[in-house]
Structure formats: C-alpha cells, structure tokens
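S.K.: After the sequence you'll find the predicted model.
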Amino acid sequence: MGKAMKETVGSLTAYFIVISVLSLISNGRVLAQGTQIHPLVWLICIVGSLLSIAYFYLGITLRQRLIDSSQLINSIIYASIVYIILNFLIISLLVGLQTGSIIQLVLGLLITWYLLNSVKRLSAQEKSKLRSK
C-alpha cells in the first residue's frame with residue numbers, strides 16, 4: 001500500500017493561483033457577453049470573480065496565512081462551498097437539472113472538502129515548525 005497523496009504548501013499555493021486565474025478567465029468570458037446574459041448569471045460571475053481574487057491572494061500569501069490566519073483561509077473556502085451550491089441551484093433553475101451540473105457540483109464539493117482538510121493539516125504543520133524553532 002502506498003502513501004496517500006498529501007498536498008504541500010507549494011502545491012497548494014499553485015492550486016490557489018491556477019484555479020483563480022482559470023476562474024477569472026472563465027467568468028470574464030461570460031461577463032464579456034454584456035447584456036446578453038441573465039442577471040443571475042451575471043451575479044454568479046461577479047461573485048465567482050471575487051472568490052477568484054480571494055483565492056489568488058491566498059495563493060501568494062499562503063505560507064504566512066497558514067501560520068497567522070488559517071481561519072481566513074477556511075472562511076474563504078467555506079464561502080466557495082456556498083458559492084458552488086448556489087451556482088448549481090441558480091443554473092438548475094435557469095436551464096433545468098442537467099447531468100453536467102450535478103457532476104460539477106459533486107466534483108466541486110469534493111475538491112473543496114479536500115482543500116479544506118489540506119489547509120487544516122498544513123496549518124498545523126506550519127505552526128508546529130514555527131514552535132520547534
């Protein structure tokens with residue numbers, strides 16, 4: 001039996017930055033349609049863009065945030081969970097329940113749960129390293 005994959009501060013930093021950039025691009029493409037999009041979709045994209053900016057901030061400050069404000073990281077991740085669920089509900093309301101939306105919901109929640117657990121573990125590790133110095 002091999003060891004389970006565990007994120008490092010470096011890999012989590014890369015994750016936050018890459019996901020934030022991809023999300024900003026995706027939301028920007030939708031917002032670029034201007035008045036052709038439904039107001040609720042516009043709102044989803046604005047909130048998604050704000051979360052993307054928060055993820056980018058976490059990515060560039062992760063090591064320090066893990067030590068001195070892991071609760072901030074957790075709060076942003078919890079906000080992402082709420083966003084994922086609301087996004088699913090609003091899109092389902094507008095276009096109906098679709099298999100792709102369900103898959104996106106489940107995968108999004110699983111990845112976010114994994115991210116939350118990784119942050120908790122890494123925060124404890126970083127604080128332990130600091131105490132042992």
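M.R.: The structure has been received and is ready for your questions.
S.K.: What residues sit buried inside the helix or strand encompassing I73?
M.R.: In this assignment (DSSP states H and E), I73 forms part of helix 70-95. Residues of helix 70-95 classed as buried: S70, I73, I76, I77, S80, Y83, I84, N87, F88, I91 (neighbour count, 16 or more other CB atoms under 10 Å). From N, CA and C alone the C-beta is placed, and that goes for glycine too.
S.K.: who are the neighbours of it, in terms of helices and strands?
M.R.: With contacts taken as 3 or more CB pairs under 8 Å, 6 or more residues apart in numbering; DSSP states H and E, helix 70-95 sits against helix 39-68, helix 99-132.
S.K.: from the buried residues of helix 70-95, which single one is nearest I103?
M.R.: F88 (10.4 Å; CB to CB).
S.K.: Per-residue pLDDT of the closest one, please?
M.R.: pLDDT for F88: 94.
S.K.: hey, which helix or strand in this protein has the poorest pLDDT?
M.R.: helix 99-132 (a mean of 90; mean pLDDT, DSSP states H and E).
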